[in-house]
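Chemist: quick one, what's the 3D model for this:
(2 chains)
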Amino acid sequence: GENVEQHPSTLSVQEGDSAVIKCTYSDSASNYFPWYKQELGKRPQLIIDIRSNVGEKKDQRIAVTLNKTAKHFSLHITETQPEDSAVYFCASNMDSNYQLIWGAGTKLIIKP
Amino acid sequence: ETGVTQSPTHLIKTRGQQVTLRCSSQSGHNTVSWYQQALGQGPQFIFQYYREEENGRGNFPPRFSGLQFPNYSSELNVNALELDDSALYLCASSPGWGGENEQYFGPGTRLTVT
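Modeler: I've put the predicted structure just below:
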């Protein structure tokens, strides 16, 4: 079936450094790619999304890039801060039954 | 503008019982999607409701069913509970149907089946 693969499963970076999380998708019809941040015991929060008609989108310290040919998209966080520590999920839509397919998540740890 | 709310927060049920979880969508949103999130995993799509009709379904058995009401709030019903149904159940509302609209999540209901 259709799936989204996400890497790495855990990422530890020094405060102030950049973090990059990568996802690949299998459904060539996918056209919407959101990223969610989930802190322990809390709800997933939409932090940024990108649609297939653009290759890059930026919001302050967060950016997402999309390569439709290779079917992969990435989350970039610059100047990381302690409050960036959380689990990050990528997702892509599946056109056939209106669902979002989610990656397995990346636990981001910001070291002081 | 009010956000997505869910009730109850926590629930403990016995195997074989039935459970109903509730979700109020964000103001202005007409679509609700339900997800099951097991510990340490990403959310798994259960189904989506748009204008009171089921609009798409993931790989969940028929004992998972739902409703959406005219005010766009929604219920998730699970019959014949199994131990593996223990999870966080999340609902998300969006301003339109399909998987390409921004989805905003409620705080979830933690279901424990013993």
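
Chemist: alpha carbons only for contacts and neighbour counts from here, please
Modeler: Fine.

Chemist: would you say residue A:92 is within a strand?
Modeler: Yes - under DSSP: H, G, I helix; E, B strand; the rest coil, residue A:92 falls within a strand.

Chemist: now do it against chain B, distance only.
Modeler: Relative to chain B, residue A:92 is positioned 8 Å away (C-alpha to the nearest C-alpha, to the nearest Å).

Chemist: same for the helix or strand of chain A with the lowest mean pLDDT, what does it pack against?
Modeler: Least confident helix or strand, chain A: strand A:99-102 with a mean of 87, by mean pLDDT, DSSP states H and E. The contact analysis (3 or more C-alpha pairs under 8 Å, 6 or more residues apart in numbering or on different chains; DSSP states H and E) places strand A:99-102 against strand A:86-94, strand B:44-50.

Chemist: need the contact partners of the helix or strand just after the last one.
Modeler: So the one you mean is strand B:44-50. Note on strand B:44-50: by DSSP states H and E, the next helix or strand toward the C-terminus is strand B:53-57. Residues outside strand B:53-57 that contact it (C-alpha atoms under 8 Å, 6 or more residues apart in numbering or on different chains): A:97-99, B:45-49, B:66-68, B:97-98.

Chemist: equivalent analysis for stretch A:63-72, please.
Modeler: Applying C-alpha under 8 Å, 6+ apart, the external contacts of stretch A:63-72 come out as A:22-26, A:28, A:48-50, A:52, A:54-58, A:73-77.

Chemist: now do stretch B:89-98
Modeler: With C-alpha under 8 Å, 6+ apart as the criterion, stretch B:89-98 contacts A:43, A:95, A:97-99, B:4, B:6, B:23, B:25-26, B:28-37, B:43, B:48-50, B:55, B:101-111.

Chemist: where are the low-confidence patches of chain B?
Modeler: B:1-2 (pLDDT under 70).

Chemist: which residues of it fall in strands?
Modeler: Secondary structure of chain B by DSSP state E: the strands cover B:5-7, B:10-13, B:19-24, B:31-37, B:44-50, B:53-57, B:64-68, B:74-78, B:87-94, B:104-105, B:109-113.

Chemist: and the nearest residue to residue B:39 once chain neighbours are set aside, how many neighbours?
Modeler: What sits nearest to residue B:39 in space, not counting adjacent residues and going by C-alpha to C-alpha, 6 or more residues apart in numbering or on different chains, is residue B:87, at 6.8 Å. When neighbours are counted by other C-alpha atoms under 10 Å in any protein chain shown, residue B:87 registers 19.

Chemist: measure residue B:87 to residue A:32 for me?
Modeler: 27 Å (C-alpha to C-alpha, to the nearest Å).
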